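# I'll drop the sequence and a predicted model, then ask my questions.
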Amino acid sequence: MKTDKFVLVTGASSGIGREISILLSANYNVILCGRNLEKLAETKKACFTKNRSIILEMDLFDISSIESSTSAFIKKNDLTVSNFVHSAGFMKMVPLKSLSIENLNQIFNINVISSALLAKVLVKKKVNGSALNSIIFVSSNISNRGAKAMAAYGASKGAVDSLMRCLAVELAPKVRVNSILPGAVHTEMTEGIFANDEVVNRMKSSYPLGLGSTKDIANTVEFLISEKARWITGQQLTVDGGRTIDISG
């Protein structure tokens, strides 16, 4: 009988996913999922040692192998997954006139399709028992807004949140499903944006609480998978320092 329960965190090799993994490792066993084995090893080294942290090397762009690889990993390691956090994401600013099928496939495979396929595996009783309790998708505050050259990325995050709402209804009452919509957080993925001082200064002026950090998002994940959030499902939880409600001139 499988006894070890884990939190599966995608995108664990860097940024928000790494911060989530390290924070949760203080109280949970964690599966560190990503495609860069060297960076995943660095995350594992930073995790707390009182609980287990194991690596699942997987490229979420290759959607054809996600279900089989995840199922095999769970069986091989004789474990179950009680919480699933999809933090992996891909962002590339591309104007509509330059948008290609390759751009769309990469963004949607990683941001949307992989999350649906992983959730599918984890709700299968033959694979994961009835262990899954919650799913959290790390979305973006662009999901409900708009920005130039962000059509593909914004559309993918809108799809993530639509998926979240549908799964929250379909999987209730056993599994809670929510999404977190971060504002501007400095990570490897957003390095190009934060490298522009003019853009950073403009962003700072529009965030009532200032710019956020990866820890702000990790803390929110920790709350949502806890029993303190037992009556919360189907919700977009915006964590952006007040950016989306600031209509100051």
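Yep, that arrived.
# Could I get the average pLDDT for stretch 49-64?
Model confidence over stretch 49-64, given as mean pLDDT, is 96.
# Could you export it as CSV, CA atoms only?
Written as CSV, here are the backbone C-alpha positions of stretch 49-64 (Å, rounded to 0.1, in the frame of the first residue of the first chain):
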residue,chain,number,x,y,z
THR,A,49,15.7,17.7,4.6
LYS,A,50,13.2,16.5,7.2
ASN,A,51,10.8,15.6,4.3
ARG,A,52,11.5,13.8,1.0
SER,A,53,12.2,15.8,-2.2
ILE,A,54,12.5,13.8,-5.4
ILE,A,55,13.1,14.9,-8.9
LEU,A,56,10.8,14.2,-11.9
GLU,A,57,12.7,15.3,-15.1
MET,A,58,10.1,16.0,-17.7
ASP,A,59,9.8,18.5,-20.6
LEU,A,60,6.2,19.7,-20.6
PHE,A,61,6.4,20.9,-24.2
ASP,A,62,6.4,17.2,-25.2
ILE,A,63,2.8,16.6,-24.3
SER,A,64,2.7,13.2,-26.0
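# Tell me which residues of it come out buried.
Across stretch 49-64, burial judged by 16 or more other Cβ atoms under 10 Å covers 51, 53, 54, 55, 56, 58, 59, 60, 61, 63. To be clear about C-beta, it is placed using only N, CA and C from the backbone, and glycine gets the same treatment.
# what does stretch 198-211 give?
Taking 16+ other Cβ under 10 Å as the criterion, stretch 198-211 shows 203, 206, 207, 211 as buried.
# And the helices in this protein?
With DSSP state H as the criterion, the chain has helices at 15-24, 37-46, 66-77, 101-108, 114-122, 125-128, 151-170, 191-194, 197-206, 214-224.
# returning to that earlier point: and the buried residues of stretch 49-64, which is closest to residue 93?
residue 61 (18.5 Å; Cβ to Cβ).
# Tell me who's in contact with the closest one.
Residues in contact with residue 61 (Cβ atoms under 8 Å, 6 or more residues apart in numbering) are 35, 90, 106, 109, 110, 114.
# Could you export these to TSV, including columns for neighbour count?
Putting these into TSV (neighbours: other Cβ atoms under 10 Å) gives the following:
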residue	neighbour count
35	17
90	18
106	16
109	20
110	24
114	23
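# If you tally nearby residues, what's the number for the closest residue to residue 89 other than its chain neighbours?
Distance criterion Cβ to Cβ, 6 or more residues apart in numbering; nearest residue to residue 89, sequence neighbours excluded, is residue 111 at 5.4 Å. Residues lying near residue 111 (other Cβ atoms under 10 Å) number 26.
# Can you give me the distance of residue 240 to residue 32?
Residue 240 sits 26 Å away from residue 32, going by Cβ to Cβ, to the nearest Å.
# which one of the two has more residues nearby?
A count of neighbours by other Cβ under 10 Å puts residue 32 above the other of residue 240 and residue 32, at 29 against 23.
# per-residue pLDDT, that one?
pLDDT at residue 32 comes out at 98.
# who touches the residue nearest to it when sequence neighbours are not counted in this structure?
Among residues not flanking residue 32 along the chain, residue 12 sits closest, at 3.9 Å (Cβ to Cβ, 6+ apart). In this structure, residue 12 makes contact with 18, 20, 21, 30, 32, 33, 34, 40, 43, 87, judged by Cβ under 8 Å, 6+ apart.
# Quick one: low-confidence residue ranges for the chain.
1-3, 188-196, 199, 249 (pLDDT under 70).
# For the residue nearest the centre of it, which residues are in contact?
Nearest to the mean C-alpha position of the chain, counting by Cα atoms, centre = their mean, stands residue 87 at 1.8 Å. Going by Cβ under 8 Å, 6+ apart, residue 87 touches 9, 10, 11, 12, 15, 16, 17, 20, 138.
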